[in-house]
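Visitor: I'd like to go over a predicted model; first the sequence, then the structure.
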Amino acid sequence: MFSIIGIVVVICAVLGGFLMEKGPLAVLMQPSELVIIGGSALGTILAANPMHVLKKIMSGGRAILAGSKFSRARYVESLRMMFSLFNKARREGLVAIETDIEAPEKSPVFTKYPNFLKEHYARNFVCDTMRMAISGGVSAHDVDQMMELDMEVHHTGASQPVNALTSVADSLPGFGIVAAVLGVVVTMSALGGPPEEIGHKVASALVGTFLGILLCYGMVGPLASNLNASIGEEQAYYHVLRVIMLAFIKGTSPILAIEMGRRAIPEHVRPSFVEVEKACRQKDEAAAPAAA
């Protein structure tokens, strides 16, 4: 949402400054220039990217509008969930969580956290990793390498729409020049006509360059940067899950593994030690009567 607000601020600042210079807004209304620039940019996206990247671009646009999913509350919820899973494994043995791992959508642990179940990659990341830990015969180092490889592949795929949008942003000034050149061609064909008509055509041609630069640096470029930041937040979340699972697989107690994960949370959304301890204790106390 803040990205949209930022774009609106950019447009208002540009148009406001133009009006302060007594510029007529009607001159900027050039649908033909928008068709040339916008159509060329759309064609570039379609020509340069396969269908799965186009789908990621559309889903990325929805993610930008929705804002960040990885808030302080989301991290506390995830830490509570992992503590519940590890506490069950510590009390009843690793075999006890096998049913939770094999069918997370039916798990009494995971079903309490619908946000986690909706994130297919995060769900598979946790379940596949713990499946390796339960199977035995796999060292903690090998499990860590598998998680690192999984995160690297996911990051590469998630970065594809960012690269696509950045490429389009870089091409927009060039498309603006194309629109301006075409406007100059039209202007040259009108030489000998009324000066007002020639002036209008020159202004239209310059609007093409203006729109190309504005769309590049004021809209598409910032949106690509915002999407890249969202991917970074997502990777930080998976890194926290990785730290927690690796610590537990090495034999660390559940509460200490959770604390190690808390330390890996980005500072601006990191919950306090007391907050996490209280959340885990509440979960633990709720599970104790049920186990009894």
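Guide: Alright, I've got the coordinates.

Visitor: Name the residues that touch whatever helix or strand C127 lives in?
Guide: Assessed by DSSP states H and E, C127 sits inside helix 120-135. For helix 120-135, contacts defined as CB atoms under 8 Å, 6 or more residues apart in numbering pick out 82, 85, 94-95, 97-98, 101-102, 104, 110, 116-117, 138, 143, 146-147, 150-151, 154, 237-238, 241-242, 245, 248-249. For the C-beta atoms, the positions are set from N, CA and C on the backbone; glycine is no exception.

Visitor: The same query, at a cut-off of 7 Å, please.
Guide: Residues outside helix 120-135 that contact it (CB atoms under 7 Å, 6 or more residues apart in numbering): 94, 97-98, 101, 104, 116-117, 138, 143, 146-147, 150, 154, 238, 241, 245, 249.

Visitor: what's the next secondary structure element after it?
Guide: Next element after helix 120-135 (DSSP H and E): helix 140-189.

Visitor: so how far is the helix holding C127 from its chain's centroid?
Guide: 22 Å (CA atoms, centre = their mean, to the nearest Å).

Visitor: Next: stretch 223-243.
Guide: Distance of stretch 223-243 from the chain centroid (CA atoms, centre = their mean) equals 7 Å.

Visitor: what does stretch 164-179 give?
Guide: 22 Å.

Visitor: Only C-alpha atoms, please: export it in PDB.
Guide: Coordinates of each C-alpha in stretch 164-179 appear next as PDB, following Å, rounded to 0.1, in the frame of the first residue of the first chain:
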ATOM      1  CA  ALA A 164      11.800  -8.900 -15.500                       C
ATOM      2  CA  LEU A 165      10.400  -5.600 -14.000                       C
ATOM      3  CA  THR A 166      13.900  -4.100 -13.700                       C
ATOM      4  CA  SER A 167      14.500  -4.900 -17.400                       C
ATOM      5  CA  VAL A 168      11.200  -3.200 -18.400                       C
ATOM      6  CA  ALA A 169      12.000  -0.200 -16.200                       C
ATOM      7  CA  ASP A 170      15.400   0.100 -17.900                       C
ATOM      8  CA  SER A 171      13.800   0.000 -21.400                       C
ATOM      9  CA  LEU A 172      11.100   2.600 -20.700                       C
ATOM     10  CA  PRO A 173      13.300   5.700 -21.300                       C
ATOM     11  CA  GLY A 174      14.200   4.100 -24.700                       C
ATOM     12  CA  PHE A 175      10.600   3.500 -25.600                       C
ATOM     13  CA  GLY A 176      10.000   7.200 -24.600                       C
ATOM     14  CA  ILE A 177      12.700   8.200 -27.100                       C
ATOM     15  CA  VAL A 178      11.000   6.000 -29.700                       C
ATOM     16  CA  ALA A 179       7.700   7.800 -29.100                       C
END
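
Visitor: Of all the residues in that stretch, which ones are buried?
Guide: 164-169, 171-173, 175-176, 178-179 (16 or more other CB atoms under 10 Å).

Visitor: Helices of the stretch 1-150 of the chain, start to end?
Guide: 2-20, 31-48, 51-66, 72-92, 98-102, 114-118, 120-135, 140-189 (DSSP state H, counting those that start in this stretch).

Visitor: Those into JSON lines, with extra columns for mean pLDDT and distance to P195?
Guide: Shown next, in JSON lines, are the helices of the stretch 1-150 of the chain (pLDDT from 0 to 100; distance: least, CB to CB, whole Å):
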{"stretch": "helix 2-20", "mean pLDDT": "89", "distance to P195": "23"}
{"stretch": "helix 31-48", "mean pLDDT": "91", "distance to P195": "21"}
{"stretch": "helix 51-66", "mean pLDDT": "86", "distance to P195": "45"}
{"stretch": "helix 72-92", "mean pLDDT": "93", "distance to P195": "63"}
{"stretch": "helix 98-102", "mean pLDDT": "91", "distance to P195": "78"}
{"stretch": "helix 114-118", "mean pLDDT": "90", "distance to P195": "63"}
{"stretch": "helix 120-135", "mean pLDDT": "91", "distance to P195": "62"}
{"stretch": "helix 140-189", "mean pLDDT": "92", "distance to P195": "12"}
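
Visitor: now, of those, which is deepest in the fold?
Guide: Of all these, helix 72-92 has the most neighbours on average by mean count of other CB atoms under 10 Å, namely a mean of 19.

Visitor: got a list of contacts for that one?
Guide: Contacts for helix 72-92 (CB under 7 Å, 6+ apart): 96-97, 100, 109, 113, 115-116, 244, 248, 254-255, 257-258, 261-262, 265, 269, 271, 275-276, 279-280, 283-284, 287.

Visitor: Which entries within the residues you listed meet the buried criterion?
Guide: 97, 100, 109, 113, 116, 244, 248, 254-255, 257-258, 261-262, 265, 269, 271, 276, 279-280, 283, 287.
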